[in-house]
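Enquirer: Coordinates for the following, if possible.
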Amino acid sequence: MLTNPLPGLLLSLLVGIASADLYLHHPRGSNNKLNERQKNVRNDNRLFDSQNNANSGYNVGDDCNPACAIDTNNDNNAAPDTYNATAPGAGEGMMYYYAGSFLQLEWTAQHGCGKNNPHVDCEIIVQYACEDTMPNLRNGHRIATIGGGQNDNGQNTNDLNTLTGKTERESPNSTKSGQEYGQHEDYKYWMDCKKRERNKGLFTADILQSTTNQQTSIYTRQGNNAERYGYECPEERDYYPFWHPSPWRDAIVLTDDTRRCGMYSKESQNVVDKGHCDVPGYKCHEHPSCVERRYNQNANQQPFDQPPLPNHRAACEAWSERYPTMPGTWVESGRRDTWPPRCQRTPYQRMNHHGNTDQGIPASVEWIVPGLNWNEQIVADNKKCVLRIRYNTSSKDFDGWDIGEDPKGVKANPQSDFVGLGYNYSGPLRLNINTAQFFRTFEDRSHVFEIRTRPLYVPFYSAIHNFNVRGKRGNVVQTYPSVEYDFVWSRKHRGNVYRWDYLHIQWTGSDANSPNDAGNGMQMTDRHNMVETVDPGTNFPKNLYIDETWERDIFGYRLKENQETGAVAERKVS
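Expert: Model prediction:
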């Protein structure tokens, strides 16, 4: 996944195998869903390119009282019921986490991961962004894509942007950018990506063969049709570490080869500036080459003889010489002045199995929710934020970090005598290879949440552990590849929680789940409660005074006097 901004070099990448979907379960991964009343996401272009199974993901949380779901026929909560997206609190079930608290991240990756997995090489990249780098960050209230292109039913639109004459799927319509639309990256970020020359040092196999089209960063081997997903930049999405400024902060890198950790720390935008060619006088709609995404610099075919904006310093300086009335300046910026990402080994997951690791728990990592950088400056407190996780995996057909020349002539659906017994004896055989997906990146993102200042009443020596609910309404078949309800909190610290520590207990759910999914209460609604039992194998609530004369808190400490002797004790009980 390490890449280089200099064109002309064939560089390394680690991206995934086809169908290697990634699902974020905690915090709730959206997979682009908002408040659909059906299994499949209705608009997978809404915010980002997940490449995942359309049935995955969790709806945005609701905060209606009593519910956003309506018992339309007064039949004691039996289907059919409906969802009122305009009700007070609809879509407002936003989670919040205190700066410095411990948050358990959990996911499943379909095609496996881990150093001891002989089938794949894998990386998991965890990042987050807040309002300071993503202005107007929001979930939105419509399923339609900001800037047009896909409507509330997930259907492609044919509306034209009169400014460019291109469809909204290619050129966003500025009139369709109100607060009702969800937004992560902003319009400028997309346009910078659209105008900038793609990194031609990347392995592209037999994809991106055009010499006039497919020249900018909205084209990648994995996404070669310039499809727009919100305002995400496809080239930045597919590669890491990225070589231009990005709104994302690095949180955690999980790698099969921890020898790369030093490189990840050094190349992270957390600690180093990233460069870009700043050309203030370049307006895409004024240049036919940019409008039509057609570039033919060598043939001087006007009006399409202008190249894309440069992507490295030397080309930026050459641009200024060629276009003195529209000069460019190479600018390095974006350093976050915060800690480099934590880097550690990827957890093992078996192939083709959305299940637990070999330790019997979900693939997970504990994230310390940020609040201060190394200069003790507030970087995220009391801000809206979003979490992003990417799954990059490659086969072992060649070393993705030292490609050299085009490895083994990888082409689509190659045909040869691979066995070697003779072309007409053991061949020809054909391999089913889609070179746009032969290595591939998958992604999931949370809904927007808040990072809040640590409460003043919590002592400095007390840890805060987030205790939440993952999953959604339904049985295992109905929710798959998402999961059923379960409580989740720190696995790393579970055996080291002290009486002076705090649990931050909260959850949210959707009132727009699919009708008839298993569960109690009104159809479609997510509802949870917490009741103490004697042990995990029992179902009836525990009476605090049965078989003991002391009341205990959640950690097992005795709190009240013995009813017979009046003695007081505070010893830990097993």
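
Enquirer: ok so Gly262 is a helix residue?
Expert: Yes: applying DSSP: H, G, I helix; E, B strand; the rest coil, one finds Gly262 inside a helix.

Enquirer: Strands along the stretch 351-500 of the chain, start to end?
Expert: Ranges of strands in the stretch 351-500 of the chain, per DSSP state E, counting those that start in this stretch, are 363-368, 383-394, 415-416, 429-430, 440-445, 449-452, 464-470, 486-488.

Enquirer: cool, and the stretch 201-350 of the chain?
Expert: Along the stretch 201-350 of the chain, counting by DSSP E, counting those that start in this stretch, strands occupy 249-255, 274-278, 329-333, 342-345.

Enquirer: for those, which one sits closest to Thr157?
Expert: Of all these, strand 274-278 sits nearest to Thr157, with 31.4 Å by CB to CB. For every residue, glycine as well, the C-beta is placed using N, CA and C.

Enquirer: mind listing what's buried in that closest one?
Expert: Across strand 274-278, burial judged by 16 or more other CB atoms under 10 Å covers Lys274, Gly275, His276, Cys277.

Enquirer: The first one pairs with what?
Expert: With DSSP bridges applied, Lys274 shows beta-bridge pairing to Ser333.

Enquirer: My read is that it contacts Pro247, right?
Expert: No: assessed by CB atoms under 8 Å, Lys274 is found out of contact with Pro247, at 11.3 Å.

Enquirer: Take the strands of the stretch 351-500 of the chain and write them to CSV, including mean pLDDT.
Expert: Listed next are these as CSV, based on pLDDT from 0 to 100:
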stretch, mean pLDDT
strand 363-368, 94
strand 383-394, 93
strand 415-416, 86
strand 429-430, 88
strand 440-445, 94
strand 449-452, 94
strand 464-470, 95
strand 486-488, 93
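
Enquirer: Pipe these into CSV and attach mean neighbour count and distance to Gly114 per row.
Expert: Formatted as CSV, these follow (neighbours: other CB atoms under 10 Å; distance: least, CB to CB, whole Å):
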stretch, mean neighbour count, distance to Gly114
strand 363-368, 20, 9
strand 383-394, 24, 10
strand 415-416, 12, 32
strand 429-430, 12, 30
strand 440-445, 24, 16
strand 449-452, 20, 28
strand 464-470, 21, 22
strand 486-488, 16, 21
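
Enquirer: how about the ones you listed, which one is nearest Glu321?
Expert: With respect to Glu321, and counting by CB to CB, the nearest of those is strand 440-445 at 36.4 Å.

Enquirer: Could you name the helices and strands sitting against that closest one?
Expert: Other helices and strands packing on strand 440-445, by 3 or more CB pairs under 8 Å, 6 or more residues apart in numbering; DSSP states H and E, are strand 22-26, helix 234-238, strand 383-394.

Enquirer: That strand versus strand 383-394: what angle between them?
Expert: With axes from the mean of the first three to the mean of the last three CA atoms, to 10 degrees as the basis, strand 440-445 and strand 383-394 are set at 160 degrees to each other.

Enquirer: Within its sheet, name the partner strands of strand 440-445 and how each one runs.
Expert: Strand 440-445 has these strand partners (DSSP bridges): strand 383-394 (antiparallel).

Enquirer: distance between the partner strand and the chain's centre?
Expert: Taking the mean of its C-alpha atoms, strand 383-394 sits 3 Å from the chain's own mean (CA atoms, centre = their mean, to the nearest Å).

Enquirer: C-alpha coordinates for it, PDB please?
Expert: Only the C-alpha atoms of strand 383-394 are listed here, as PDB (Å, rounded to 0.1, in the frame of the first residue of the first chain):
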ATOM      1  CA  LYS A 383     -16.800  18.000  17.600                       C
ATOM      2  CA  LYS A 384     -18.700  15.800  15.300                       C
ATOM      3  CA  CYS A 385     -16.600  13.000  13.800                       C
ATOM      4  CA  VAL A 386     -16.700   9.900  11.700                       C
ATOM      5  CA  LEU A 387     -14.700   6.700  11.800                       C
ATOM      6  CA  ARG A 388     -13.400   4.900   8.700                       C
ATOM      7  CA  ILE A 389     -11.900   1.400   8.400                       C
ATOM      8  CA  ARG A 390     -10.300   0.000   5.200                       C
ATOM      9  CA  TYR A 391      -9.400  -3.600   4.400                       C
ATOM     10  CA  ASN A 392      -6.600  -4.100   1.900                       C
ATOM     11  CA  THR A 393      -5.700  -7.600   1.000                       C
ATOM     12  CA  SER A 394      -3.600  -9.300  -1.700                       C
END
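
Enquirer: quick check: angle from that strand to strand 249-255?
Expert: Using the same axes, to 10 degrees: strand 383-394 against strand 249-255 is 30 degrees.

Enquirer: Quick check: mean pLDDT of stretch 278-298?
Expert: Here stretch 278-298 scores 87 as its mean pLDDT.

Enquirer: Also stretch 489-505?
Expert: Confidence for stretch 489-505, expressed as mean pLDDT, is 86.

Enquirer: Off-centre distance for it?
Expert: The answer for stretch 489-505 is 26 Å, by CA atoms, centre = their mean.

Enquirer: Need the distance between the two termini of it.
Expert: Terminal residues of stretch 489-505 lie 9 Å apart, using CA to CA, to the nearest Å.

Enquirer: do you know which of the strands of the stretch 201-350 of the chain lies nearest Asp511?
Expert: Nearest of the strands of the stretch 201-350 of the chain (CB to CB): strand 249-255, 30.8 Å.

Enquirer: got a list of contacts for the closest one?
Expert: 105, 122-130, 133, 261, 264, 268-270, 336, 338, 340-347, 365, 367, 370, 387 (CB atoms under 8 Å, 6 or more residues apart in numbering).

Enquirer: so of these, which ones are in helices?
Expert: When DSSP state H defines the helices, the subset of those inside them is Cys261, Tyr264.

Enquirer: Of the contacts of strand 249-255, just the buried ones, ChimeraX syntax please.
Expert: Applying 16+ other CB under 10 Å to the contacts of strand 249-255, the buried members can be selected in ChimeraX as follows:
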select :105,122,123,124,125,126,127,128,129,130,133,261,264,268,269,270,336,338,340,341,342,343,346,347,365,367,370,387
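
Enquirer: so where is the stretch 151-300 of the chain shaky, pLDDT-wise?
Expert: 158-166, 297-300 (pLDDT under 70).

Enquirer: ok, 80 please
Expert: Low-confidence segments of the stretch 151-300 of the chain (pLDDT under 80): 158-166, 296-300.

Enquirer: What segments of it are helices?
Expert: With helices called from DSSP state H, counting those that start in this stretch, the stretch 151-300 of the chain shows them at 187-195, 234-238, 261-267, 288-292.

Enquirer: contacting residues around Asp511?
Expert: Per CB under 8 Å, 6+ apart, neighbours of Asp511: Asp62, Cys64, Ala67, Cys68, Ala69, Tyr83, Ala90, Met524, Thr525, Asp526.

Enquirer: what sits opposite the closest residue in space to Val331 that isn't next to it in sequence in the beta ladder?
Expert: Leaving aside its chain neighbours, Val331 sits nearest to Asp278 (4.7 Å; criterion: CB to CB, 6 or more residues apart in numbering). Note on Asp278: beta-bridge partners by DSSP bridges are Thr329.

Enquirer: Next, count neighbours for Asn213.
Expert: For Asn213, the number of neighbouring residues by other CB atoms under 10 Å comes to 16.

Enquirer: Done for today, thanks.
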